[in-house]
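S.K.: Based on what follows, work out the 3D shape:
(one chain, ligands or ions: 2)
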Amino acid sequence: MSRSIVLLGGPDSGKTNYIGPLWRALDGGKGALYAAKQPEDINFVLEITDHIFAGEFAPRSEHRDARRDFEVVVAATVGGPQTRIIVPDISGELWRKAVIDCEIDPDWMSELKRADGALLFVRVDSDQDVRPLDWVTSRNMLEKLGGEDDQGLPTQVMLCELIRFLETLLTDREDGERPRLSVVVTAWDLVDVGTFQKGPMAYLKREYPLVAGRLTDLKDLDVRVFGLSSVGGDLKHDPVYRQAFLEAGPDGHGWVAVSEGEEGKKDSDITLPIAWAVGL
Ligand SMILES: Nc1nc2c(ncn2[C@@H]2O[C@H](COP(=O)(O)OP(=O)(O)O)[C@@H](O)[C@H]2O)c(=O)[nH]1
Ligand SMILES: [Mg+2]
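M.R.: Ligands and ions are numbered 1, 2, ... in the order given. Model prediction:
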């Protein structure tokens, strides 16, 4: 089995809190994809689901030196073609290097070159957008960007660079089609009704116009935008939702909002952004 898909996103974009519910969905096998093998680091997944089952988001990893990549093998049907889904645990420092010095970590680079599809995570209301973080605070970068006032810019610059990497590095699919990129707007449960109905692409156009423009221009990638709520609501700030979540049991709360004419519709299959990137 040679196919792989990478899942990327800056720090705090919702990757870890997707992995837990994703594993439960893949293991349950009710969605478009199921898990063809147990993940090697099943403890990592269990640590995440422990938090979520207790009605909390999994916290950010404290020990940044202990890198924890996640990998799971998925398939659509028993005995059908398998794909490795890889979520590299990329530190703020590595992001900074990639964006500022255009220097990608060799392991990460070879993963990208092997992959024929990707998911890119962007989170709604990420406080990392307004609160400086390691890959944004670099004096170097702020100087390069000019204004320190435009808080949205660093994230956009990072995302645009990432899209450029994906465009040049991802490999063509076996069927000759362009590599697929699922752009996933996470914590989609946080947006207001109007924003929800306009859909995640309209959200990107408003909040990240450079990124949205870049996505519209892409020639070498086939792009689709999804809204995602890994746990179905705001466990941190919405006690009523949290209570309902705890009472209903741990699984099946997450959903995906699909773009393109079907905005406003929730699908409970959170494997969909991966399934589309795989080519289903
Ligand atoms: N409302 C809401 N917030 C989420 C969801 N998923 C993640 N978050 C928030 O995003 C934060 C960062 O998520 P995390 O998975 O740690 O991001 P990572 O750094 O990319 O692994 C969490 O602490 C939550 O506050 C979701 O489905 N809904
Ligand atoms: Mg994480």
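S.K.: lowest-pLDDT helix or strand in this structure?
M.R.: Lowest on mean pLDDT, DSSP states H and E among the helices and strands of the chain sits helix 134-137, with a mean of 44.
S.K.: Mean confidence (pLDDT) on the helix or strand containing V223, please.
M.R.: Using DSSP states H and E, V223 falls within strand 222-229. For strand 222-229, mean pLDDT rounds to 96.
S.K.: Need the contact partners of it.
M.R.: With contact meaning CB atoms under 8 Å, 6 or more residues apart in numbering, strand 222-229 is reached by 14, 18, 177-189, 191, 196, 199-201, 203-204, 215, 254-260, 270, 272-273, 276. All C-beta spots, glycine's among them, are computed from the backbone N, C-alpha and C.
S.K.: From these, list the ones also adjacent to ligand 1.
M.R.: G14, T186, A187, D189 (CB under 6 Å from any ligand atom).
S.K.: now these as JSON lines including neighbour count?
M.R.: Output for those, formatted as JSON lines (neighbours: other CB atoms under 10 Å):
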{"residue": "G14", "neighbour count": "23"}
{"residue": "T186", "neighbour count": "24"}
{"residue": "A187", "neighbour count": "23"}
{"residue": "D189", "neighbour count": "23"}
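S.K.: thinking again about what came up before, where strands are concerned, which of the contacts of strand 222-229 count?
M.R.: Secondary-structure check on these using DSSP state E: residues within strands are R180, L181, S182, V183, V184, V185, T186, W255, V256, A257, V258.
S.K.: Show me which residues of the stretch 1-150 of the chain sit near ligand 1.
M.R.: Residues of the stretch 1-150 of the chain lying close to ligand 1 by CB under 6 Å from any ligand atom are G9, P11, D12, S13, G14, K15, T16, N17, F57, R60, R123.
S.K.: Would you reformat those as TSV and include pLDDT?
M.R.: Shown next, in TSV, are these (pLDDT from 0 to 100):
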residue	pLDDT
G9	88
P11	81
D12	85
S13	90
G14	94
K15	94
T16	94
N17	96
F57	96
R60	78
R123	94
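S.K.: now for those, which pair is the farthest apart?
M.R.: Spatially, the most separated pair among these is G9 and F57, at 15.2 Å (CB to CB).
S.K.: V223: neighbour count?
M.R.: Neighbourhood size, V223 [other CB atoms under 10 Å]: 20.
S.K.: and the closest residue to I48 other than its chain neighbours, how many residues sit next to it?
M.R.: In space, and not counting its chain neighbours, I48 is closest to G20: 3.5 Å by CB to CB, 6 or more residues apart in numbering. Residues lying near G20 (other CB under 10 Å) number 25.
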